[in-house]
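Asker: structure of the sequence below:
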Amino acid sequence: MTSKDAVWIRLGLLLLAAGCGEAPRSLGKAAAPLTIDDAFSIATPTATQLSPDGHRVAFTLIRVVDGDWHEGVHVIDADGAESREVAATGDTPRWSPDGTRIAWINRATRPAQVWCATPEGEQKKQLTELDGGVSDFAWAPDGKRLAVTTAVKEGGVARTQIVLVQPGEMPRQLTHTDQHIIVHVWEPDANLSWSPDGRFIAYSVKPTGRFDDDYASDVHVIDVRTGASRAVVRRPGMDMRPRWSPSGKYIAFRTSYGLIDRFANHGLGVVRVEDGKLQDGGRAFEGGFLDGPYTYVWADSQVVLFLGSAGFDTRLFALDARTGKLQQRSREPGTRSQLSGGWPSGLIAYAFTTAGSPWEVSISPVEAEERRSVTRLNPGLAKRSLPSLREVEWESSGGGLEGLLALPADYAPGRRYPVITLLHGGPEGSARYGFSPELPSPIFSFAPDEYFVPLLAGEGFAVFLPNFRGSGGRGELFRRAGNGADWAERFTEDVLAGLDKLVATGIADSAALGIAGSRSGATKVVAMLGRTARFRAASVVTPYPDFVRDFHKASGDFQLMFEGMAGTSGPELQAFLEREQPMSRVDSIVTPVQVINDEAAFSIDTEQSLELHRALWKRRVPGELIVSRAGDVAASKEQIRRTTAWFRRWLVRSEQ
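Answerer: Numbers count the residues shown, from 1 in each chain. Next up, the predicted model:
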């Protein structure tokens, strides 16, 4: 029997013994609809970390405790039989190489520091005590040292540097770079990576912390003994988040293949360390910036596994470092995130969600996906009625299109429903299978948003999630098809054609159509409302309909997004911004609009929402303005109540 056979058999026996498949729905009495309190009681796993022997999975668990969001570190056996909280406060768990300890970042220490304990939660101790705190860390292969990123003040300026920490010794600063060391880019993995022999650390840098400078990033390797650093990947575009292969011969990294282009293909690159030879075989993936690759691990010394968006799913792919051959290994619809494990256990762990099921931790052999749930974090949902998701296909002048439709649990064929169209953001995002169908990672979706699909469906609305031209998940040509002159005309045509299909099939009530979106999705909503009066009500969260203002704001960031949307730069770009911005047609809007502004929104200033609201109020278009700050549970619940009440007011007839 081979070692791979043994892994399969061991995994199968563990899961059969535990009976840890998906939770069955209760039969008999009709279940009650999901409530707002139910939605905020959902526990969400993030940052999964499989132990080196594959026997346990550590993960961050986010849930509401005492009315506020709380992150703690948990460990569960691979058979799901025993679970325990290792740290009441912490995130980013990492196993020691021998699997005897689990370390995490404790942000309650202020500044954040690394702590560790046994997998049973015993023998807790603090491993770092750095004035600049810790933003990321990685165990050395010998398990005796940590590489950490921390803020170090040099010459009066504080910059993130890599520091070597060994208990009982003074911390030793390894880097003295004036560039920005990249840490925690949405997914907490592959930022610091030790070579298997412990001699080197791979990391990535970019000129500044600006978002656009992701496209000026390079992969470096530093000698732990001497502190000498060299670039192993240096070219235009994005090259970052390195992960060393078990053999030490290769480093895998995320790349845009030498292009400084937000809408170009993204994938995995592999560099041979000894001579810098690049293998860009991951090009066949054709993912965009928001399609991934997300997290990735080495299955062995030759094959690297990664997660990336394709169609309605986030799938598992395998890339051969020597040949560049790409293989898909997913076997069922769903969204996967937070991949960990691979070598040496022969197993992988990840978070998984699909229609009707929030995020849970799953494990599978590396050779082919045979997914089994390890956790059952939200058993109470079995007592609630949840929406079903179905795929919808239709045609427009752009060809064949597709989307998802969430239907109430008590959906009855032949009855017409008020439909809320939810436009994805990005701008090149996509709708995909999941409890929250727009968001590819639990890092983004642990908190129910203003348009939480299960709650809207529980209120009796059907929710339409179209993947119009410009969406991700279907390759570069489709992604770019939403850009350039008349960009809004194209997605407006696509969305309305999809709604026509829902009306023609007897699902949608043509007199009760609503539309909503957040950030880029909200901006698309404003653009559509200037081109059609078919919607009876709209709601938007933190839009940026004034392109000129957004492009020239003080941060000077996200300009590559606008260049990609316009397909040009320079004076032609300025003309595009003035001509194509949604505010240019605000005087044509007649649909009642609810405007919600999150003052804490990343990169979008409050004045954008105020400008839109003032323009509509001046023309006496019915509406309301809500200004809030994200992160507060009570405020988030109130915003959901307000958006739901808004759509009930305009879309639900008194006789329904």
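Asker: so G398 sits right up against R490, yeah?
Answerer: Yes. If you go by CB atoms under 8 Å, G398 and R490 touch, sitting 6.4 Å apart. All C-beta atoms are positioned from the backbone trio N, CA, C, and that covers glycine.
Asker: which neighbours do the two share?
Answerer: Common contacts of G398 and R490 (CB atoms under 8 Å, 6 or more residues apart in numbering): 469, 481.
Asker: more neighbours, these two?
Answerer: Between G398 and R490, counting by other CB atoms under 10 Å, R490 is the more crowded of the two (20 against 17).
Asker: what stretches of this structure score poorly on pLDDT?
Answerer: 1-30, 185-190, 438-439, 554-556, 630, 654-656 (pLDDT under 70).
Asker: so for it, the centremost residue is which one?
Answerer: The geometric centre of the chain, computed from its C-alpha atoms, lies nearest to S441 (CA atoms, centre = their mean), at 3.3 Å.
Asker: surely that residue is in contact with Y294?
Answerer: Yes. Assessed by CB under 8 Å, S441 is found in contact with Y294 at 6.9 Å.
Asker: if we ignore the residues flanking it in sequence, what's nearest the residue nearest to the centre of the chain?
Answerer: S337 (4.7 Å; CB to CB, 6 or more residues apart in numbering).
Asker: quick one: distance of the host helix or strand of that neighbour to the chain centre.
Answerer: Using DSSP states H and E, S337 falls within strand 335-342. Taking the mean of its C-alpha atoms, strand 335-342 sits 12 Å from the chain's own mean (CA atoms, centre = their mean, to the nearest Å).
Asker: which helices and strands does it pack with?
Answerer: Judged by 3 or more CB pairs under 8 Å, 6 or more residues apart in numbering; DSSP states H and E, the packing partners of strand 335-342 are strand 44-50, strand 296-298, strand 303-310, strand 313-320, strand 347-354, helix 442-445.
Asker: what's the second one packed up against?
Answerer: Here strand 296-298 is seen to pack against strand 239-244, strand 303-310, strand 335-342 when contacts are counted using 3+ CB pairs under 8 Å, 6+ apart.
Asker: with only the CA atoms kept, save the strand holding S337 in PDB.
Answerer: Output in PDB follows, covering the C-alpha atoms of strand 335-342 (Å, rounded to 0.1, in the frame of the first residue of the first chain):
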ATOM      1  CA  THR A 335     -16.900  28.500  -3.000                       C
ATOM      2  CA  ARG A 336     -13.600  27.500  -1.400                       C
ATOM      3  CA  SER A 337     -11.200  29.700   0.600                       C
ATOM      4  CA  GLN A 338      -8.300  29.700   3.100                       C
ATOM      5  CA  LEU A 339      -6.500  26.700   1.600                       C
ATOM      6  CA  SER A 340      -3.800  25.100   3.900                       C
ATOM      7  CA  GLY A 341      -1.900  21.800   4.300                       C
ATOM      8  CA  GLY A 342      -0.700  19.800   1.300                       C
END
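Asker: start and end of stretch 349-364, how far apart?
Answerer: 7 Å (CA to CA, to the nearest Å).
Asker: number the residues from 32 up from this point.
Answerer: Got it, first residue is 32 now, which makes that one stretch 380-395.
Asker: centre of the chain to it, how far?
Answerer: On CA atoms, centre = their mean, the centre of stretch 380-395 falls 14 Å from that of its chain.
Asker: now swap in stretch 277-292 and tell me
Answerer: Relative to the chain's own centre, stretch 277-292 is displaced by 20 Å; criterion: CA atoms, centre = their mean.
Asker: now the terminal residues of it, how far apart.
Answerer: 32 Å.
Asker: which outside residues touch the helix or strand hosting G595?
Answerer: G595 is part of helix 590-597, with elements assigned from DSSP H and E. Contact with helix 590-597 is made by 243, 246, 291-294, 458, 514-515, 518, 578, 581-582, 600, 603-604, 607-608, 611, as judged by CB under 8 Å, 6+ apart.
Asker: tell me which other helices or strands the helix or strand following it touches.
Answerer: Later in the chain than helix 590-597, the nearest helix or strand by DSSP H and E is helix 602-611. Packing contacts for helix 602-611, counted by 3+ CB pairs under 8 Å, 6+ apart, involve helix 578-582, helix 590-597.
Asker: by how many degrees do helix 602-611 and helix 590-597 diverge?
Answerer: Using axes from the mean of the first three to the mean of the last three CA atoms, to 10 degrees, the interaxial angle of helix 602-611 with respect to helix 590-597 works out to 70 degrees.
Asker: could you point out which element follows helix 602-611?
Answerer: The C-terminal neighbour of helix 602-611 among helices and strands, as given by DSSP H and E, is strand 624-629.
Asker: what segments of this structure are helices?
Answerer: Ranges of helices in the chain, per DSSP state H, are 34-49, 67-70, 473-476, 484-489, 507-511, 518-535, 551-560, 578-582, 590-597, 602-611, 638-649, 664-682.
Asker: quick check: which of those helices is nearest to D228?
Answerer: Closest to D228 of the helices of the chain is helix 34-49 (CB to CB; 22.9 Å).
Asker: returning to that earlier point: deepest in the core, which of the helices and strands packed on helix 602-611 is it.
Answerer: Greatest average neighbour count among those goes to helix 590-597 (a mean of 21), per mean count of other CB atoms under 10 Å.
Asker: can I get it in PDB, CA atoms only?
Answerer: Below are the C-alpha coordinates for helix 590-597, written out as PDB (Å, rounded to 0.1, in the frame of the first residue of the first chain):
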ATOM      1  CA  GLN A 590      -6.000  54.800 -10.900                       C
ATOM      2  CA  LEU A 591      -5.200  51.600 -12.700                       C
ATOM      3  CA  MET A 592      -8.800  50.500 -12.200                       C
ATOM      4  CA  PHE A 593     -10.000  53.600 -14.100                       C
ATOM      5  CA  GLU A 594      -7.400  53.100 -16.800                       C
ATOM      6  CA  GLY A 595      -8.600  49.600 -17.200                       C
ATOM      7  CA  MET A 596     -12.300  50.600 -17.300                       C
ATOM      8  CA  ALA A 597     -11.500  53.200 -19.900                       C
END
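Asker: next, the angle from the strand holding S368 to strand 75-81.
Answerer: Orientation of strand 366-373 against strand 75-81 (the same axes, to 10 degrees) gives an angle of 20 degrees.
Asker: thought G318 was touching H297?
Answerer: Yes. Using CB under 8 Å, G318 makes contact with H297 at a distance of 5.1 Å.
Asker: anything in contact with each of the two?
Answerer: P324.
Asker: give the contact list for the closest residue in space to F168 that isn't next to it in sequence.
Answerer: Distance criterion CB to CB, 6+ apart; nearest residue to F168, sequence neighbours excluded, is V179 at 4.3 Å. By CB under 8 Å, 6+ apart, the contact list for V179 reads 145, 159, 161, 165, 167-168, 193-194, 196.
Asker: beta partners of V179?
Answerer: Beta-bridge partners for V179, by DSSP bridges, are F168, V194.
Asker: what of L432?
Answerer: Judged by DSSP bridges, the bridge partners of L432 are W425.
Asker: number of residues surrounding it?
Answerer: By other CB under 10 Å, the residues close to L432 number 23.
Asker: so it makes contact with F499?
Answerer: Yes. With contact defined as CB under 8 Å, L432 reaches F499; the gap is 6.5 Å.
Asker: shared neighbours, those two?
Answerer: 525, 529.
Asker: need the helices and strands packed on strand 366-373 in CSV with mean neighbour count, can you?
Answerer: CSV is the format used below for those (neighbours: other CB atoms under 10 Å):
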stretch, mean neighbour count
strand 75-81, 27
strand 327-329, 24
strand 334-341, 25
strand 344-351, 22
strand 378-385, 27
helix 473-476, 21
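Asker: nearest residue to T140 in space, please, no chain neighbours.
Answerer: Nearest one to T140, counting by CB to CB, 6+ apart, is Q157 at 7.4 Å.
Asker: with adjacent residues omitted, what lies nearest to M269?
Answerer: S287 (4.1 Å).
Asker: ok, now E102?
Answerer: Nearest one to E102, counting by CB to CB, 6+ apart, is D122 at 4.8 Å.
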